[in-house]
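Undergrad: Here's a sequence, model it:
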Amino acid sequence: MPELPSFDSCIVTNAPDQKLFGNFHVPFVLSPPQNTTILSPDEASLFVKENRSRIDAVLEDYGAVLFRGFPLETPEDFDTFVQAFDGYNDLSYDKSMSFAVRKRLTDRICTTNEGKLGKKLEFHHEQAQTPLWPSHLFFCCLLPARPGDGGATGIVNSELVYEKLAEEHPEICQKCETHGVRYTVFAGPEQDTSKGAGRSWKSFFHVETKEEAMLKMKAGGWTWTWGEGAGGTKLGDDFLKCTTPVLEAVKVAPGFKREHKTFFNQLVATTANALEFSKVGKPGDEVDSLRDEPTQEDIDECVRFGNGDSVPLEFLMDAKRICEENAVDIFWQKGDVALISNYLMMHSRRPWSGPEGTRKLLASLVQEENCTSFGQTLVVL
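TA: Next up is the predicted model:
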């Protein structure tokens, strides 16, 4: 096996998809120099194992690490790379509580979102609207979008977002910390791929019957109603409206050397989810998150503070603006892998206008062994 390049020789500080925040070029980029080569996925994995402590250290400072120029061309290559990160556990899609419709391809690989293919997804912490979430996300690009078609992945430092949001809305941020939030989900019995949040309640709770779903909701502290849609509309008896127990809206990220207080939730994404949930039971009736905006009534249907108070729409739109003002876009190159801390960074999908099959990403969502939530491995198409 050839000698691997050193960690320092792989550091890149002038990549086009980096943005300077203070002393940090985000994301942190590692790319083997041209005069040294990593020839196989096994060698890429060995590079990770030999430099794991350095990778973990920069991940806390930067929130995201982009591996560029490593020889990863297939889902199996990516799987080998992810497994090099000892201490990260996977949670299959069959056990997750993602809102997205996905297809399981193998034990470890699923599509990430069959709904709203190519449409924008707003900034969010992965699965923070449920009691289960990953600590880290990996994305791997098998085929980048064609030039001009979009398809970048946006990332933003959630700690920075919360600091700026607290300057503009200190009282509301205090309510986030004090009361937390409860999310309401509207779901039918079948998957709806016309929506980004179109997962069925059967898939969401991993059950086949209403009785099984109610047992799980009762055990988890959820409340629910059958046959009711957004706005009190009447739907069939097999449509579900359910509300989570109180969840954190602000989290002190666990496992880091210093305290990171982050805007750990899906409140910004709820500005789009609220519009979609109003269309549950109406397949193909789509919304455009680039054009449509929710009303306060839409928001109230889908999320409230833990004490029952409304979360002001103005607050959510300001949070969305702050995310966009401080975001960094990863413009994918073939073989890229991005490792993102789900506690420190929010991510989004930028609009993509290319034909189906001209952009292919893989993703792996994982959870550290010493944390209490879980993770999963997915393929993003």
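Undergrad: Look up the pLDDT of the nearest residue to Gly229 once chain neighbours are set aside for me, please.
TA: Once flanking residues are discounted, Gly229 sits nearest to Leu235: 4.6 Å by Cβ to Cβ, 6 or more residues apart in numbering. C-beta here means a position set from N, CA and C on the backbone, and glycine is covered the same way. The model reports Leu235 with a pLDDT of 92.
Undergrad: Burial check on Leu235, number of neighbours?
TA: 18 (other Cβ atoms under 10 Å).
Undergrad: From Ile55, how far off is Asp61?
TA: Asp61 sits 11 Å away from Ile55, going by Cβ to Cβ, to the nearest Å.
Undergrad: Comparing the two, which residue is more hemmed in?
TA: More crowded of Asp61 and Ile55, by other Cβ under 10 Å: Ile55, with 19 against 14.
Undergrad: Isn't Glu43 up against Leu4?
TA: Yes. With contacts counted by Cβ atoms under 8 Å, Glu43 reaches Leu4, the gap being 6.5 Å.
Undergrad: what about Phe81, which SS state?
TA: helix (DSSP: H, G, I helix; E, B strand; the rest coil).
Undergrad: any idea how far it is from Leu72?
TA: 6 Å.
Undergrad: just Gly357 next, same as before
TA: Counting by Cβ to Cβ, the gap from Gly357 to Leu72 is 19 Å.
Undergrad: in the stretch 251-381 of the chain, what spans have low per-residue confidence?
TA: Within the stretch 251-381 of the chain, the ranges that satisfy pLDDT under 70 run 281-291, 369-381.
Undergrad: same thing but 90
TA: Low-confidence segments of the stretch 251-381 of the chain (pLDDT under 90): 255, 257, 272-293, 349, 351-381.
Undergrad: Do a quick rundown of the helices in it.
TA: 267-277, 296-302, 313-325 (DSSP state H, counting those that start in this stretch).
Undergrad: Equivalent analysis for the stretch 51-200 of the chain, please.
TA: 52-62, 75-83, 158-168, 170-179.
Undergrad: which one of these lies closest to Thr244?
TA: With Cβ to Cβ as the measure, helix 170-179 is the member of these nearest Thr244 (13.6 Å).
Undergrad: wouldn't Lys320 be in contact with Val268 here?
TA: Yes. Using Cβ under 8 Å, Lys320 is in contact with Val268, at 4.9 Å.
Undergrad: Which residues are in contact with each of these two?
TA: Counting by Cβ atoms under 8 Å, 6 or more residues apart in numbering, the contacts common to Lys320 and Val268 are Glu122, Phe123.
Undergrad: Distance check, the residue lying closest to Glu60 once chain neighbours are set aside against Thr262.
TA: Counting by Cβ to Cβ, 6+ apart, Phe256 is the residue found nearest to Glu60 once chain neighbours are left out, at 5.3 Å. With distances taken as Cβ to Cβ, Phe256 is found 10 Å from Thr262.
Undergrad: How many residues are close by Pro9?
TA: I think there's a mix-up here, since residue 9 is Ser and not Pro. Ser9: 13 neighbours (other Cβ under 10 Å).
Undergrad: what's it in contact with, if anything?
TA: Pro32, Pro33, Thr36.
Undergrad: what do you get for Asp318?
TA: Leu165, Glu168, His169.
Undergrad: Quick one: the strands in the stretch 251-381 of the chain, in order.
TA: 251-252, 261-262, 303-305, 328-330, 337-341, 345-349, 360-368, 376-380 (DSSP state E, counting those that start in this stretch).
Undergrad: returning to that earlier point: and the helices of the stretch 51-200 of the chain: which comes nearest Asn89?
TA: helix 75-83 (11.0 Å).
Undergrad: List the buried residues for the closest one?
TA: Residues of helix 75-83 classed as buried by neighbour count (16 or more other Cβ atoms under 10 Å): Pro75, Asp77, Phe78, Asp79, Thr80, Phe81, Val82, Gln83.
Undergrad: Among these, which one sits closest to Ser194?
TA: Pro75 (26.5 Å).
Undergrad: right, and the closest one touches Leu362 too?
TA: Yes. Using Cβ under 8 Å, Pro75 makes contact with Leu362 at a distance of 5.7 Å.
Undergrad: quick revisit: neighbour count winner among Lys320 and Val268?
TA: The neighbour comparison of Lys320 against Val268 (other Cβ under 10 Å) goes to Val268, with 26 against 19.
Undergrad: ok, that one to Ala249 distance?
TA: As judged by Cβ to Cβ, Val268 and Ala249 stand 11 Å apart.
Undergrad: my read: Lys261 touches Val252, true?
TA: Yes. Lys261 is in contact with Val252 according to Cβ under 8 Å; the separation is 5.5 Å.
Undergrad: Residues in a beta bridge with Phe24, which ones?
TA: In this entry, Phe24 is beta-bridged to Phe21, by DSSP bridges.
Undergrad: quick one: Lys279 from Gly188, how far?
TA: Shown here: Lys279 relative to Gly188, a distance of 11 Å by Cβ to Cβ.
Undergrad: what's around the residue nearest to Glu60, how many residues?
TA: 14.
Undergrad: returning to that earlier point: looking at the helices of the stretch 51-200 of the chain, which is nearest to Leu137?
TA: Minimum separation from Leu137 across these (Cβ to Cβ) falls at helix 75-83, 10.6 Å.
Undergrad: helices or strands next to the closest one in the packing?
TA: Counting contacts by 3 or more Cβ pairs under 8 Å, 6 or more residues apart in numbering; DSSP states H and E, helix 75-83 is packed against helix 41-50, strand 136-143, strand 360-368, strand 376-380.
Undergrad: so can I have TSV of those showing distance to His25?
TA: Converted to TSV, these look like this (distance: least, Cβ to Cβ, whole Å):
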stretch	distance to His25
helix 41-50	20
strand 136-143	19
strand 360-368	23
strand 376-380	25
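Undergrad: give the contact list for the residue sitting nearest the centre point of the chain.
TA: Central residue of the chain (Cα atoms, centre = their mean): Glu126, 3.1 Å from the mean position. Applying Cβ under 8 Å, 6+ apart, one finds that Glu126 lies in contact with Ser98, Trp133, Pro134, Leu137, Asn342, His347, Leu365.
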